[in-house]
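*Asks:* what follows is a predicted protein model with its sequence.
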Amino acid sequence: MIKNSVMLHGGIDFSHSNRGCQALSFGSIDFITSLDPTIKKIILPAYYIRRRRVSEYFELSPDKPIFIERKFYSIFSVFLVLILSKLGLSIFVRRLSFFRDVSSCRYFFNVFGGDSFSDIYGTKQFLEFAIPSLIAIMLKMDHVLLPQTFGPFQRKAIPFYVGRFIVRRSSSVYARDIKSMEFISETYNYEVKLSSDVSFLLPPKEIRLEIKSNGLRVVGINISGLCYFNSYRGVSSRFDAYKNLMISLIHRLSEHYYIIFIPHTYNTLGTDSSSDDLAAIIEFISHIDFPIQYMLIENNFSYSELKFIISKCDYFIGSRMHSIFSSIDMRIPFYALSYSYKFSSTINLYSEFGSHTSIINIDSSEVDNIVDKIVIDINQKLDNK
């Protein structure tokens, strides 16, 4: 029997308010089909304990004839299949949908949310991504880890050893940066393939956009709600100087440049969030007390549509990593204000296009120096453009 189905796990959400998560979802599909163009069906496995859930179906676009189904399996049936298969009694579970689907799939892919192959978000979140991989491996499925960030692990505990088990039993492991590659190679003694982030597979989607810059050069600015509100779980109180940094930066740019404020994680329904970029930008603008020519992007645009908007900038400054990926892909010079470990090693691969500075735990005395660096970089890049 020719197997043209696969399973894909790891935070796949095609309508997520974080456009980086959207990019991860759509890009993972494109990456899988580029690896094997014969794939016709992708199952997104999910699990329930008591209440049965109905499957969800997705049609990404007419030019991609791929059947995508989010299918829900009973935890009881999953473990029944696992136990009886190990005992050589799979004949008794052949009618269960989980067994049939596993048998029909060529690969099990896991992208771990892009950056959750680590313990920095806690053991619980790591295991939520890891357990489906463990099940797939124990059922002898061909297991592949898609391009993502690996590590760091703060200590050698359960996530570290479970991660090693998964890596060493995968047929292929793809890293999206040098540091992740080195971590897997040196710590787990496994050969890793270097790949660009899956978002680079997504082309920009053109929209109607009128930029009234009055002859000024256009600088795109992404203000991160996570850094601005400084209260997001796990990283709160690490960005006390971020607001002052952005105010000082915009003040320096306002005289010579036209600003486009571009959110990258936002919910246009207006739900309260400690990481909403659009809410942060709106509050930020309300506190500006100096003249500025600007445009605010506030419609519910997709990742590919925001990539198109970024492509219309002469220079881009952002704190969301996938907004920076868009500028790199569109060859727009950039400056990344990084709030996470994952920035440096990934951005360093594209240093010819831009620079980055960590903003974790900076204090007010460092603000002017960072702003000077950015302004100098903008002037140098645009003078040579």
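*Replies:* Nice, thanks for sending it over. Please read all numbers here as calculations on a predicted model, not as lab measurements.

*Asks:* hey, where'd the helices end up in the protein?
*Replies:* Counting by DSSP state H, the chain has helices at residues 19-35, 75-86, 97-104, 123-138, 158-168, 178-187, 225-229, 242-254, 277-286, 303-311, 321-329, 341-347, 367-383.

*Asks:* could the ones you listed be laid out in JSON lines, adding mean pLDDT, distance to residue 114 and mean neighbour count?
*Replies:* Where you see a C-beta, it was placed from the backbone N, CA and C, and this is true even at glycine. Below are the helices of the chain laid out as JSON lines (pLDDT from 0 to 100; distance: least, CB to CB, whole Å; neighbours: other CB atoms under 10 Å):
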{"stretch": "helix 19-35", "mean pLDDT": "96", "distance to residue 114": "5", "mean neighbour count": "22"}
{"stretch": "helix 75-86", "mean pLDDT": "94", "distance to residue 114": "25", "mean neighbour count": "16"}
{"stretch": "helix 97-104", "mean pLDDT": "95", "distance to residue 114": "25", "mean neighbour count": "18"}
{"stretch": "helix 123-138", "mean pLDDT": "96", "distance to residue 114": "10", "mean neighbour count": "18"}
{"stretch": "helix 158-168", "mean pLDDT": "97", "distance to residue 114": "15", "mean neighbour count": "18"}
{"stretch": "helix 178-187", "mean pLDDT": "93", "distance to residue 114": "11", "mean neighbour count": "18"}
{"stretch": "helix 225-229", "mean pLDDT": "93", "distance to residue 114": "15", "mean neighbour count": "24"}
{"stretch": "helix 242-254", "mean pLDDT": "97", "distance to residue 114": "23", "mean neighbour count": "19"}
{"stretch": "helix 277-286", "mean pLDDT": "96", "distance to residue 114": "18", "mean neighbour count": "20"}
{"stretch": "helix 303-311", "mean pLDDT": "98", "distance to residue 114": "13", "mean neighbour count": "22"}
{"stretch": "helix 321-329", "mean pLDDT": "95", "distance to residue 114": "9", "mean neighbour count": "27"}
{"stretch": "helix 341-347", "mean pLDDT": "73", "distance to residue 114": "8", "mean neighbour count": "21"}
{"stretch": "helix 367-383", "mean pLDDT": "94", "distance to residue 114": "26", "mean neighbour count": "15"}
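
*Asks:* now do the same contact list for the residue nearest to residue 98 when sequence neighbours are not counted.
*Replies:* The spatially closest residue to residue 98, leaving aside those adjacent along the chain, is residue 73, at 4.6 Å (CB to CB, 6 or more residues apart in numbering). By CB atoms under 8 Å, 6 or more residues apart in numbering, the contact set of residue 73 is 45-48, 97-98.

*Asks:* was I right to think residue 66 contacts residue 40?
*Replies:* Yes: counting by CB atoms under 8 Å, residue 40 is a contact partner of residue 66 at 6.5 Å.

*Asks:* who has more neighbours out of those two?
*Replies:* Between residue 66 and residue 40, counted using other CB atoms under 10 Å, the more crowded position is residue 66 (16 against 13).

*Asks:* just the pLDDT at the more buried one, thanks.
*Replies:* In this model, residue 66 is scored at 90, pLDDT.

*Asks:* if I look at it, how far off is residue 321?
*Replies:* Note on residue 66: its distance to residue 321, by CB to CB, to the nearest Å, is 27 Å.

*Asks:* could you list which residues are in contact with residue 3?
*Replies:* Going by CB under 8 Å, 6+ apart, residue 3 touches 104-106.

*Asks:* what would these look like in a markdown table with distance to residue 290?
*Replies:* Formatted as a markdown table, these follow (distance: CB to CB, whole Å):
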| residue | distance to residue 290 |
| --- | --- |
| 104 | 62 |
| 105 | 58 |
| 106 | 59 |
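
*Asks:* nearest to residue 150, of the helices of the chain?
*Replies:* Closest approach to residue 150 among the helices of the chain (CB to CB): helix 178-187, 4.0 Å.

*Asks:* which helices and strands does the closest one pack with?
*Replies:* Where contact means 3 or more CB pairs under 8 Å, 6 or more residues apart in numbering; DSSP states H and E, helix 178-187 is packed against strand 172-175, helix 341-347.

*Asks:* what's the offset of it from the middle of its chain?
*Replies:* Between the mean C-alpha location of helix 178-187 and the chain-wide mean there is a distance of 20 Å, by CA atoms, centre = their mean, to the nearest Å.

*Asks:* CA atoms only for that helix, dumped as PDB, please.
*Replies:* Extracted C-alpha coordinates of helix 178-187, given in PDB (Å, rounded to 0.1, in the frame of the first residue of the first chain):
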ATOM      1  CA  ILE A 178      23.700  27.400  14.100                       C
ATOM      2  CA  LYS A 179      23.400  27.400  17.900                       C
ATOM      3  CA  SER A 180      20.600  24.800  17.800                       C
ATOM      4  CA  MET A 181      22.700  22.700  15.400                       C
ATOM      5  CA  GLU A 182      25.600  22.800  17.700                       C
ATOM      6  CA  PHE A 183      23.500  22.000  20.700                       C
ATOM      7  CA  ILE A 184      22.000  18.800  19.200                       C
ATOM      8  CA  SER A 185      25.400  17.700  17.700                       C
ATOM      9  CA  GLU A 186      27.400  18.300  20.800                       C
ATOM     10  CA  THR A 187      24.900  17.400  23.500                       C
END
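
*Asks:* among the helices of the chain, which is nearest residue 10?
*Replies:* Short answer: helix 123-138, nearest of these by CB to CB, at 5.8 Å.

*Asks:* chain center to the closest one, what's the gap?
*Replies:* 19 Å.

*Asks:* now swap in stretch 332-351 and tell me
*Replies:* Distance of stretch 332-351 from the chain centroid (CA atoms, centre = their mean) equals 14 Å.

*Asks:* now do stretch 25-43
*Replies:* That offset, for stretch 25-43, works out to 17 Å (CA atoms, centre = their mean).

*Asks:* and for stretch 29-46?
*Replies:* Centre to centre, stretch against its chain (CA atoms, centre = their mean), the figure for stretch 29-46 is 18 Å.
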